[in-house]
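> With the sequence up front, the predicted model follows.
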Amino acid sequence: MRAVELDGKRESAFIFNNWYIAGTGGDITGEPLARRICDIPLVLFRTRSGAVAALEDRCAHRGMALSAGGKCLGETIQCPYHGLEFDTGGICVRIPGLERVSPDMRIRSFPVVEKDAVVWIWMGDAAGADPARIPSHPYHSDSSYVWSRGVLEVNANWEFLNDNLLDLTHVQYAHRNTIGGNPDEDARAQIKVQRNGRRVVLTRWLRDTACPPFHKQLYGFKGRIDRVQEVEFTPGYIFLHSSSMDVGDSVDEGWRRKGMHFYQMHAITPQTPTRTLYMFTMSRNFKTEDRALTEQIHALSMRTFEEDKAMLEVQQARCTEYPDIPLVATKHDTATAQARRIVREMMAEEVAGDQRSGSGVKDLPRPVGTAAVNNLRA
Ligand code: FES
Ligand SMILES: [Fe+2]
């Protein structure tokens, strides 16, 4: 595992022993795709038989990037420089013009699992990659839902993206031109935060509230409505379930079944300490045949998340300028603080494991602005 020295204290910049989302839907094809996750350059590709592979993007021969012009040849990837071929396990299986391939001619491969149209990758020790920990997201394959997906690269630390989705009080301000509503109504939302192992679940109920015009147009609500949002955080991804229904229908768990539902998957995949690959999917259970509506909702989502991106990038730049000044939390940061605690615990566990095993700790450049990120405590 890799760790960094920060202020004389050994800290990790990322959690490596974790499942991250490397792509959704048709992202991974027979064309090699370059991705950087936890500051490790990767090449991802799909073989002819349909398997997805992830290898370190650095040829064992002379260090060329396989993604920079490499070719997928059936079950292997061919380096663009001298044509060596590597299989999905990173083992060199062919050197043009030579009979014998040295067993040292290999590159690191990473465990990948494709499930519910999502490609998951494990960035740590392969021995710990337990597919049973990968969550389901059945809405991608359930015919009563339709979904769309989008990708944004955000120049900010991944934990700032977690904060963003775990403190929804930003919606009325940062999104006043898109999905923001009435701040006074919103202020009376009932909130519950629960930690469960490595998950934090934040639930917000807003009962008997005015129906926003867009909701009325979407679902045909006649009067006031109950609204519920459930945000479920695990390091690397956030699931957000948002539902609206006629007043009174939210009681006794009715909010899970009745009315209009959006299930959002937010993949928050760290690329570098200050860059994050943000992929989202948006599934809904109404007017699923209406393609124009799907496009309209997708365009609104993109505009909304671009507002987040703009805000987060300025925030990161300012925190990079002032790396040592701690940030001050409010009561609204309860879920944020829990999430940060989980991340710190997992990072500390990995660093402790490295120190015990003495295994290849390799220094990374000091992550700019990470001190401020790590300084945010509740
Ligand atoms: S550098 Fe890849 S084949 Fe030579
Ligand atoms: Fe937002």
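On my side now, so go ahead. Just so we're clear, the structure is a prediction, and the values are computed from it rather than from any experiment. Numbers count the residues shown, from 1 in each chain. Ligands and ions are numbered 1, 2, ... in the order given.

> and Ser243, bridged to which residues?
Val228, His261 (DSSP bridges).

> That one: neighbouring residues, count only.
23 (other C-beta atoms under 10 Å). Every residue, glycine included, has its C-beta placed from N, CA and C.

> how close does Ile268 sit to Glu159?
Applying C-beta to C-beta, to the nearest Å, the value for Ile268 to Glu159 is 9 Å.

> whoops, Glu253 was the one
Distance from Glu253 to Glu159, by C-beta to C-beta: 32 Å.

> quick one: buried residues of the helix or strand that contains Ala348?
Assigned by DSSP states H and E, Ala348 falls within helix 334-357. By neighbour count on 16 or more other C-beta atoms under 10 Å, the buried set for helix 334-357 is 334-340, 342-344, 346-347, 350-351, 354.

> Same question for stretch 19-36.
Neighbour-count burial for stretch 19-36 flags 19-24, 27-28, 32-33, 35 (criterion: 16+ other C-beta under 10 Å).

> which stretch of helix or strand covers the closest residue to ligand 1 within the stretch 151-300 of the chain?
Residue nearest to ligand 1 within the stretch 151-300 of the chain: Gln271 (23.8 Å; C-beta to the nearest ligand atom). Using DSSP H and E, Gln271 maps to strand 260-272.

> again with Phe45
Element membership of Phe45, judged by DSSP H and E, is strand 40-46.

> now swap in Pro135 and tell me
Going by DSSP H and E, Pro135 is not in any helix or strand.

> Report the contact partners of it.
Listed by C-beta atoms under 8 Å, 6 or more residues apart in numbering, the contact set of Pro135 reads 234, 237, 239.

> Counting neighbours, what do you get for Phe280?
Phe280 has 22 neighbours, counted by other C-beta under 10 Å.

> helices or strands up against the one helix or strand it maps to?
Taking DSSP H and E as the definition, Phe280 sits inside strand 275-284. Secondary-structure packing of strand 275-284 (3 or more C-beta pairs under 8 Å, 6 or more residues apart in numbering; DSSP states H and E): strand 19-24, strand 33-37, strand 146-154, helix 158-166, strand 260-272, helix 291-321.

> How about the contacts made by Val52?
28, 44-46, 112, 114, 119.

> Nearest to ligand 1 among the residues you listed?
Of these, the one sitting nearest to ligand 1 (C-beta to the nearest ligand atom) turns out to be Phe45, at 15.3 Å.

> Got the confidence number for the closest one?
On pLDDT, Phe45 comes in at 98.

> returning to that earlier point: out of the buried residues of helix 334-357, which comes closest to Ala126?
Using C-beta to C-beta, Glu350 comes nearest to Ala126 of the buried residues of helix 334-357, at 14.6 Å.

> pull the CA atoms of the strand holding Phe45 into PDB?
Output of strand 40-46 as PDB, limited to C-alpha atoms (Å, rounded to 0.1, in the frame of the first residue of the first chain):
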ATOM      1  CA  ILE A  40      -2.400   4.500 -10.200                       C
ATOM      2  CA  PRO A  41      -2.500   4.700 -14.000                       C
ATOM      3  CA  LEU A  42      -4.700   1.900 -15.400                       C
ATOM      4  CA  VAL A  43      -5.800   0.600 -18.700                       C
ATOM      5  CA  LEU A  44      -9.200  -1.000 -18.900                       C
ATOM      6  CA  PHE A  45     -10.500  -3.100 -21.800                       C
ATOM      7  CA  ARG A  46     -13.100  -5.700 -22.700                       C
END
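
> If you count contacts, what does that strand end up packed against?
So strand 40-46, by 3+ C-beta pairs under 8 Å, 6+ apart, packs with strand 19-24, strand 33-37, strand 52-56.

> how far off strand 260-272 does that strand point, in degrees?
Here strand 40-46 runs at an angle of 130 degrees relative to strand 260-272 (axes from the mean of the first three to the mean of the last three C-alpha atoms, to 10 degrees).

> Could you list the residues of the stretch 51-200 of the chain in contact with ligand 1?
59, 61-62, 64, 79, 81-84 (C-beta under 6 Å from any ligand atom).

> and whatever helix or strand Glu114 lives in, which strands flank it?
Under the criterion of DSSP H and E, Glu114 resides in strand 112-115. Sheet pairing of strand 112-115 (DSSP bridges) gives strand 118-122 (antiparallel).

> quick one: contacts of the strand it pairs with?
Residues outside strand 118-122 that contact it (C-beta under 8 Å, 6+ apart): 17-24, 27-28, 37, 42, 44, 52, 54, 110-114, 128-129, 134, 137, 140, 265, 267.

> ok and it relative to strand 52-56, angle-wise?
40 degrees.

> Can you give the distance of strand 118-122 from its chain's centre?
10 Å (C-alpha atoms, centre = their mean, to the nearest Å).

> Equivalent analysis for stretch 181-198, please.
Averaging C-alpha positions (C-alpha atoms, centre = their mean) puts stretch 181-198 22 Å from its chain's average.

> How about stretch 323-341?
With C-alpha atoms, centre = their mean, you get 20 Å for stretch 323-341.

> One more: stretch 247-261?
Centroid displacement of stretch 247-261 relative to its chain, using C-alpha atoms, centre = their mean, is 28 Å.
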